[in-house]
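J.: 3D, please:
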Amino acid sequence: MTENRHISSYTLQEKIWRLLWAIVQATFFRYSFHTWSAWRIFLLKSYGAEIDSSCIIRRTVKIECPWNLKMGRNSCLGDGVIVYSLGKILIGDRVSISQYAHLCAGTHDYNDKDMPLLRLPITIENDVWLAAGSFVGPNVTVGEGAILGARSVAMRDLDPWTIYNGNPAVIRRTRDKLA
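T.: Sure, this is the predicted structure:
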């Protein structure tokens, strides 16, 4: 008789950190004043995130593993954004991630009967706008200056200075580089 015992993708230390972060996020982070981005950045940095002090992080943002998040200067995570940072998520400078957007840096290997967890990175380069309700999947790079329209889904890399929308996201037109 074979035993089908599930082996977790997380170490005991990761499980403890995730639990502690969940408590902090559900209390001190979530119920902070609307304008207290500096406080939320402090909390995230306490859990290993690398975030520039010029960023804006709204209190309704949900971040899974802050130690896998890095944000550059003058970037923003809007209300209700989900940062499912099982893998590394790098957000460049001057990036606007609008309300209810979802960054998903985790998936499963469906070619393996055990469907093991894959923690694949997401890179959002400088001067990007991810519009309301957009979704960026694992192992995707959003090129510099790209725009992903509202409710659009990016499951492959997006070219720089290009505007996309739809599910799956398709090119609508190019965008002029910012001066």
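J.: drop to CA atoms for contacts and neighbour counts, all remaining ones
T.: Noted.
J.: Which stretches in the chain count as helices?
T.: Remark: helices assigned in the chain by DSSP state H are 12-24, 37-46.
J.: who touches the closest residue in space to residue 64 that isn't next to it in sequence in this structure?
T.: Of all residues not flanking residue 64 in the chain, residue 84 sits nearest, at 5.1 Å (CA to CA, 6 or more residues apart in numbering). The contact partners of residue 84, by CA atoms under 8 Å, 6 or more residues apart in numbering, come to 62-65, 102-106.
J.: could you dump these to TSV with pLDDT, distance to residue 161 and neighbour count?
T.: Shown next, in TSV, are those (pLDDT from 0 to 100; distance: CA to CA, whole Å; neighbours: other CA atoms under 10 Å):
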residue	pLDDT	distance to residue 161	neighbour count
62	98	28	23
63	98	27	20
64	97	29	19
65	97	30	23
102	98	21	23
103	98	20	26
104	98	22	24
105	98	23	24
106	96	26	19
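J.: ok, so of those residues, who is nearest residue 45?
T.: Distance to residue 45 across these (CA to CA) is lowest for residue 65, with 11.3 Å.
J.: Isn't that closest one up against residue 86?
T.: Yes: counting by CA atoms under 8 Å, residue 65 touches residue 86, with 6.2 Å between them.
J.: between those two, what contacts are shared?
T.: Counting by CA under 8 Å, 6+ apart, nothing touches both residue 65 and residue 86.
J.: related to what we said a few turns ago, and the contacts of residue 84, which two are furthest apart?
T.: 62 and 106 (15.0 Å).
J.: Count residues in the vicinity of residue 34, would you?
T.: Neighbours of residue 34 under the rule other CA atoms under 10 Å: 11.
J.: Just give the nearest non-adjacent residue to it, would you?
T.: residue 59 (6.4 Å).
J.: so who does the one you found touch?
T.: Contacts of residue 59 (CA under 8 Å, 6+ apart): 29-34, 37, 40, 79.
J.: Show me where the protein dips below the pLDDT cut-off.
T.: Within the chain, the segments meeting pLDDT under 70 span 1-6.
J.: re the thing from before, any idea which of the contacts of residue 59 has the most stuff around it?
T.: Counting by other CA under 10 Å, top hit in these: residue 29 with 26 neighbours.
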